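Enquirer: Return a 3D structure for these sequence lines:
(2 chains)
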Amino acid sequence: MKIAKGFLLIFVAAALTACNSNDDGVQAGIEIPGITITDDADCCSAEEALNTYNFLQTVQLVPELTTVVDGKYNVYVYTKTGTFHTGYNELYFVSTKKETGNYIKDLTVTSNTPLMYMSKMNKYHSTPVSDKSRIVNYDYLAVKRVWVSFLMNSSENGSWTYSYEVDVLGKSGGVEKKDIVVNALPDGQVWLKSFKVGDDNFFLSLVNPTDWKTGTNDIRAYISKKSDPITTPYALASETFTVDIDPRMPDMGNHTSPNNTPLVKQEDGSYLGTINLTMTGLWRIHLKVKDAEGNVVAGGEDESTLYWDVTI
Amino acid sequence: MLETVLLSFIFLSDTIATSSQNLDEVVVVSHGQGGKRSAKGQVATIDEHLQELNHVELVRRGSYAWEPTVNNMQTERLSTTIDGMKIFYACTDKMDPVTSYVESSNLQSITLNSGLNGNPQATGNIGGALDLRLRKAGFSNSSLNGFGANIGYESNGSVQVYGADAYHSSQRFYANGGAFYRHADNYKAGGSNEVDFSQFQKVNAFVNGGYRVADNDAIETTFIFDRATDVGYPALNMDVAKAEAFITSLSYKHLFQNRQLESWETKVYYNHITHVMDDTKRPDVAIHMDMPGKSWTTGAYSLLSGSIGRHGAQLNIDGYYNRLFADMTMYPGGAAPMYMVTWPDVGTLNMGAALADNIRLGSESFLRLTGKLSWQHQRLNSEEGYKALSVFFPGMKQEYHQITGRIAANYQFSVLNSQFSFGAGWGSRAPTVTEAYGYYLNNTFDQYDYIGNPRLKNESAIELSGNYLLSIHNFQFGIDANAFIFSNYIIGQFENRLSAMTVGAEGVKVYGNIDHATIANASLSAEWKPVKGLRWSAKGTYSIGRDDEGDPLPLIAPLTYQSRLAYTTGNLGLQAEVKGHTRQTKYGKKYGETETAAWTILNLSANYQLSISSYQVTFRAGVENLFDKYYATYADWCNIPQKGRNIYVNFSFVL
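Expert: Predicted coordinates:
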């Protein structure tokens, strides 16, 4: 009898204690490779520096864009992969003091200037960019972010250069027309499309779709307007649009998902909506652009090529 | 004698079971005369044995792993246990009803409790509860050893069956075990039309053991390994590469010496199932898919039996934890694979308490009361699956719980030649994992993709039943009827706003509760034994199923009939059987069902038993569908045809 009861008890106990909480790690003193923490007010505290350091472990340095400002400050540029690709790219700027290696909080990116030289036509043009640098996250104040959405990849038809200007602790510096390589995105990824309203050309840049997962996701995009002259980086369009999205799976008989919400302009100038993905794979997101009055100005036709492709 | 008590305990409950028409049993291993069994004897498949039970029909998607229905209700509304153990199928397309994970050689008998009057471990059994009783050698006074073998062959599909088992039994210890192998090629439907992808192969091995730790105490254990490979499903778009189960249990049984308590058995068990679908052998596959599924269950029950005065009571406490996970990866040529979780690793913890009481009211009247209350908790352990389903049910929770219960009463009395029985009950069931959390499960029956609904209410039903048996000398006549009046009946409902996922699917259905539905069954049976050795029996059953709008529910049997003439003389037995059903006029058109035509077939069988010293040899032969009729029953998925003429022979040796 007791054994019988015992069996039941063991079973119940096993069933109820499905998992254990993790052991708390012992808090070690903060040590960051290459950085000496002093009580320099320009720089990060130990905790801020650690957060910044940890963030930088998740991105890759673009070595050709490194420079020195005023002989005292290093400036580094990072991207997710250390390279560039067509469509939306985020660039992370960080400046350190040469003597301590610690990150400087007072950093501003004042110019963000990509330029393409089309060798066959002997013409130059720029591409959509962000208006100003922003802090990436309040946990790492020393990292500033800008973005560039490259219209096309580097090839025998054309090559890219990149220039930037920064302001570090009141001192200016930067790089001028450094050659960079912009890779093509793999098949099944198309993150930049253009449409025309009257004589104006607009560009739809989709933000970081590879972060998406099966389920409900925020979808963010920017709408930029072609500049005149076209060598000036293309700034965000001042017009207000709404973009209806219709995600489809071409490999699954154009299967779609329910409850997607349109991209609507936010205070920061970006467009935000929600996209529901029922599975991983190739999603073709058909776009229908409406102006402020609700008139369809681009996309929406059956054979429209105004779509992004995203493979997750 | 303890051993006889230990042995007869099983049979005692069987005797109770067969005393009422609501309880039915098929005996797999024969102990002399009496008891129903398949004409094919011990080598028959579990499915063929199940066919012998009243109220049971089988949904067929191929020649393997048929899905039993009881009172025209499928797996969702039934409980299937193996010696009281819970086990759950692992295929999102129901290719593997749990009855497919045991073999005939594992079993002593299969009992069916029709309706809400379930065995103590049953939960969610609105339609009925099947319990597959394992075959255990049991203890014996003297040391006994035995050996048995079975060989069978069937002409249609070149079915080969080989089985061997052995036992040892003594006062302190017993063990029995065996192995079974089946192999079948594609079968031919009537008119020699080969049905592609209807092959299968299966191996099964089992061991049971018991050890008596004290005069009145015994420990028993069971291991079953079952593996089917290369199983074709002509009614579906895919086949199965592997369906594998491991089933084990350890129990402790105590017998009481006092008059009131009889026995106390506590069992802990574990089983797991791995199911791997395969479409690589199919021609014209639009997109190749991998669809594996996993199910594992652990649980325990403790059953106390006793008789106090006129009461024969059973008290049972049980609990189990089951996990179900299935996913699907599709490989479009050249493009990135597409992945989704189709069963989001659902963990179900279920605890229940059941009580059954058989009350002898007088010499000719009995009352049986049963009841069970269960509490269930479910959690979606797959974050990805949870988030995917949240697209359709924004704000859904990751954990749910349900309380279900059932209560049933059955009163039986006899007057002169007549026996009357009336029953009433109420019971509820929680939605299954497919119904609550399934994700784009394609159903070839109606060509819709099904999405589960985590916000389903429990389904409940009131059951009313009655039967009458008249016995006059060598003639017996019976009427049996039951009705189930459902509330919140769970069924797939059209969702036009959603787009199908499966290429070629008609659309999407989401499981929902409909306010009410009714299923009712009535049968007439007769048996006549004009002279010794000759027995004629006939049975006809009619069923209806209606949804809340009065439209027919799918998979409800039309008028089915069966008539048998059996003759036994000495060691020879002969039988002729006619069976069929009428045209299915009231089919569930709304639910994608198509009409099934009428059919009738004739089967013949013979068996001969021979005893040479201590050997016993049984020889069986027969022909099914003698006239090679091309037909499909209403329960044949997508109307795949049944076997054409099939000649079988088999031998059973017992040493």
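Enquirer: Just give the closest residue to A:Ala292, not the sequence neighbours.
Expert: A:Thr240 (4.7 Å; CB to CB, 6 or more residues apart in numbering or on different chains). C-beta coordinates here come from the backbone N, C-alpha and C atoms, glycine included.
Enquirer: neighbours of the one you found, just the number please.
Expert: Applying other CB atoms under 10 Å in any protein chain shown, we find 12 residues neighbouring A:Thr240.
Enquirer: Report whether it is found in a helix, as I expect.
Expert: No: the assignment for A:Thr240, made by DSSP: H, G, I helix; E, B strand; the rest coil, is coil rather than a helix.
Enquirer: Need the three-state assignment for the residue of the stretch 351-500 of chain B found nearest chain A.
Expert: Proximity of the stretch 351-500 of chain B to chain A (CB to the nearest CB) peaks at B:Lys387, 2.8 Å away. The three-state label given to B:Lys387 by three-state DSSP is helix.
Enquirer: Please give me every residue in contact with it.
Expert: By CB atoms under 8 Å, 6 or more residues apart in numbering or on different chains, the residues touching B:Lys387 are A:213-216.
Enquirer: Would you agree the residue nearest to A:Ala292 is in contact with A:Gln266?
Expert: No: using CB atoms under 8 Å, A:Thr240 is not in contact with A:Gln266; the gap is 10.8 Å.
Enquirer: For the stretch 51-200 of chain B, what lies in contact range of chain A?
Expert: By CB under 8 Å from any CB of the partner chain, no part of the stretch 51-200 of chain B sits against chain A.
Enquirer: where along the stretch 51-200 of chain B do the strands fall?
Expert: Secondary structure of the stretch 51-200 of chain B (DSSP state E, counting those that start in this stretch): strands located at B:56-59, B:67-70, B:78-82, B:85-86, B:107-114, B:128-134, B:144-154, B:159-169, B:173-184, B:188-189, B:193-194, B:200-214.
Enquirer: Tell me the pLDDT of A:Asp131.
Expert: Per-residue confidence (pLDDT) for A:Asp131: 77.
Enquirer: on that earlier part again, export the strands of the stretch 51-200 of chain B as a markdown table, with columns for mean neighbour count and distance to B:Ser471.
Expert: Shown next, in a markdown table, are the strands of the stretch 51-200 of chain B (neighbours: other CB atoms under 10 Å in any protein chain shown; distance: least, CB to CB, whole Å):
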| stretch | mean neighbour count | distance to B:Ser471 |
| --- | --- | --- |
| strand B:56-59 | 22 | 24 |
| strand B:67-70 | 26 | 26 |
| strand B:78-82 | 24 | 31 |
| strand B:85-86 | 27 | 37 |
| strand B:107-114 | 24 | 21 |
| strand B:128-134 | 25 | 25 |
| strand B:144-154 | 17 | 36 |
| strand B:159-169 | 19 | 38 |
| strand B:173-184 | 20 | 38 |
| strand B:188-189 | 22 | 41 |
| strand B:193-194 | 12 | 45 |
| strand B:200-214 | 18 | 38 |
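Enquirer: Let me have these in TSV, extended by distance to A:Phe93 and mean pLDDT.
Expert: Below are the strands of the stretch 51-200 of chain B laid out as TSV (distance: least, CB to CB, whole Å; pLDDT from 0 to 100):
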stretch	distance to A:Phe93	mean pLDDT
strand B:56-59	65	96
strand B:67-70	63	97
strand B:78-82	64	97
strand B:85-86	60	97
strand B:107-114	73	93
strand B:128-134	69	95
strand B:144-154	77	94
strand B:159-169	74	96
strand B:173-184	69	96
strand B:188-189	73	97
strand B:193-194	71	94
strand B:200-214	65	96
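Enquirer: Reformat those strands as a markdown table; add distance to B:Asn650.
Expert: A markdown table is the format used below for these (distance: least, CB to CB, whole Å):
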| stretch | distance to B:Asn650 |
| --- | --- |
| strand B:56-59 | 21 |
| strand B:67-70 | 23 |
| strand B:78-82 | 25 |
| strand B:85-86 | 29 |
| strand B:107-114 | 17 |
| strand B:128-134 | 21 |
| strand B:144-154 | 3 |
| strand B:159-169 | 7 |
| strand B:173-184 | 12 |
| strand B:188-189 | 20 |
| strand B:193-194 | 24 |
| strand B:200-214 | 16 |
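Enquirer: Those residues of the stretch 451-600 of chain B touching chain A, which are they?
Expert: Contact residues, the stretch 451-600 of chain B versus chain A (CB under 8 Å from any CB): B:497-504.
Enquirer: Mind checking which of those are buried?
Expert: B:498-503 (16 or more other CB atoms under 10 Å in any protein chain shown).
Enquirer: Can you lay out these as TSV showing distance to A:Ala49 and pLDDT?
Expert: Listed next are these as TSV, based on distance: CB to CB, whole Å; pLDDT from 0 to 100:
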residue	distance to A:Ala49	pLDDT
B:Leu498	50	92
B:Ser499	50	90
B:Ala500	53	91
B:Met501	49	89
B:Thr502	53	87
B:Val503	54	83
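Enquirer: so of those, which ones are in helices?
Expert: Secondary structure defined by DSSP state H assigns none of those to helices.
Enquirer: Out of those, give me the two with the largest separation.
Expert: B:Leu498 and B:Val503 (15.5 Å; CB to CB).
Enquirer: Compute the first-to-last residue distance for stretch A:186-197.
Expert: Distance across stretch A:186-197, first residue to last, is 29 Å (CA to CA, to the nearest Å).
Enquirer: again, but for stretch A:82-89
Expert: Stretch A:82-89 end-to-end distance (CA to CA) = 11 Å.
Enquirer: List the buried residues of that stretch.
Expert: Of all the residues in stretch A:82-89, those buried under the rule 16+ other CB under 10 Å are A:84-89.
Enquirer: Over to stretch B:241-259?
Expert: For stretch B:241-259, burial by neighbour count (16+ other CB under 10 Å) applies to B:241, B:243-255.
Enquirer: need the buried residues of stretch A:82-89 in TSV with secondary structure, distance to chain B and pLDDT, can you?
Expert: Below are these laid out as TSV (DSSP: H, G, I helix; E, B strand; the rest coil; distance: CB to the nearest CB, whole Å; pLDDT from 0 to 100):
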residue	secondary structure	distance to chain B	pLDDT
A:Phe84	strand	22	97
A:His85	strand	17	97
A:Thr86	coil	18	97
A:Gly87	strand	17	97
A:Tyr88	strand	20	97
A:Asn89	strand	21	97
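Enquirer: Chain B: helices as residue ranges?
Expert: Using DSSP H, helices in chain B cover B:2-18, B:46-50, B:383-390, B:433-437.
Enquirer: Averaging pLDDT over each of these, report the lowest-scoring one.
Expert: Minimum mean pLDDT among those: helix B:2-18, a mean of 35.
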